[in-house]
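In: turn this into a model:
(chains A and B)
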Amino acid sequence: GNSVTQMEGPVTLSEEAFLTINCTYTATGYPSLFWYVQYPGEGLQLLLKATKADDKGSNKGFEATYRKETTSFHLEKGSVQVSDSAMYFCALSEVPRGSGAGSYQLTFGKGTKLSVIP
Amino acid sequence: DSGVTQTPKHLITATGQRVTLRCSPRSGDLSVYWYQQSLDQGLQFLIQYYNGEERAKGNILERFSAQQFPDLHSELNLSSLELGDSALYFCASSVSGAKNQPQHFGDGTRLSIL
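Out: I've put the predicted structure just below:
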């Protein structure tokens, strides 16, 4: 089936440090990949996406590249800020095995909590 | 603001009761999804509707049901509630449910079972 594995958190960094959150996936087909961010008390917000191999998604200084050969979609940011403190979720969109065509579902990793200290 | 509206924000009820959670998708979005978020299970897909029709089912219990109405809003009904049903329930929507379309999430309904 489809699954996403994220690095265990929590991750604590100092302001302006470099961030990497690892994400690998297993999928039955050729998924689209997403990173979502969740701030306390809020819903998930789309951070970035990539839909095919070697695509790079980017937004607000965050980047992730779709690596089909290593089935990975690692999230990076060159210089984190206190305001980046949140939960980060890697997700893939694909049809689960045995489901009908067009029934794309998001499968999420367990999330990584990031805390950035001044 | 994602444009997805969920009500109520909080619900406190007792075991054995029944509740209804409501979701209004973003304007123009035809597909609605429901997710459950808990500390032990993480984010779990429950069910998807597209333009009023059920399209996909995930880890949804038989005690739970949902529907999408002609105006495209959706309701998730949870019955015979158990302590383990305490969780955050999210609704999300997308334009057509295609693979490369991101889903836009509401702020969730926090359900507490006493």
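In: going forward, measure contacts and count neighbours with C-alpha atoms only.
Out: Fine.
In: residues touching B:Gly84, list them.
Out: B:Ile113 (CA atoms under 8 Å, 6 or more residues apart in numbering or on different chains).
In: what's the distance between it and A:Asn2?
Out: Using CA to CA, to the nearest Å, B:Gly84 is found at 25 Å from A:Asn2.
In: CA atoms of the host helix or strand of A:Tyr88 as CSV?
Out: Here A:Tyr88 sits within strand A:86-94, counting by DSSP states H and E. Output in CSV follows, covering the C-alpha atoms of strand A:86-94 (Å, rounded to 0.1, in the frame of the first residue of the first chain):
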residue,chain,number,x,y,z
ALA,A,86,5.0,24.4,13.7
MET,A,87,4.2,20.8,12.8
TYR,A,88,5.3,19.7,9.3
PHE,A,89,3.6,16.9,7.4
CYS,A,90,4.8,15.1,4.3
ALA,A,91,2.0,13.6,2.2
LEU,A,92,1.4,11.7,-1.0
SER,A,93,-1.6,11.6,-3.3
GLU,A,94,-2.4,8.3,-5.0
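In: hmm, the following helix or strand past that strand in reach of chain B?
Out: For strand A:86-94, the following helix or strand on the C-terminal side (DSSP H and E) is strand A:105-108. Yes - applying CA under 8 Å from any CA of the partner chain, one finds strand A:105-108 touching chain B at A:Gln105, A:Leu106, A:Thr107, A:Phe108.
In: can you add distance to A:Gly29, neighbour count and pLDDT and give those back as JSON lines?
Out: Below are those laid out as JSON lines (distance: CA to CA, whole Å; neighbours: other CA atoms under 10 Å in any protein chain shown; pLDDT from 0 to 100):
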{"residue": "A:Gln105", "distance to A:Gly29": "12", "neighbour count": "26", "pLDDT": "84"}
{"residue": "A:Leu106", "distance to A:Gly29": "13", "neighbour count": "26", "pLDDT": "89"}
{"residue": "A:Thr107", "distance to A:Gly29": "13", "neighbour count": "24", "pLDDT": "92"}
{"residue": "A:Phe108", "distance to A:Gly29": "16", "neighbour count": "24", "pLDDT": "94"}
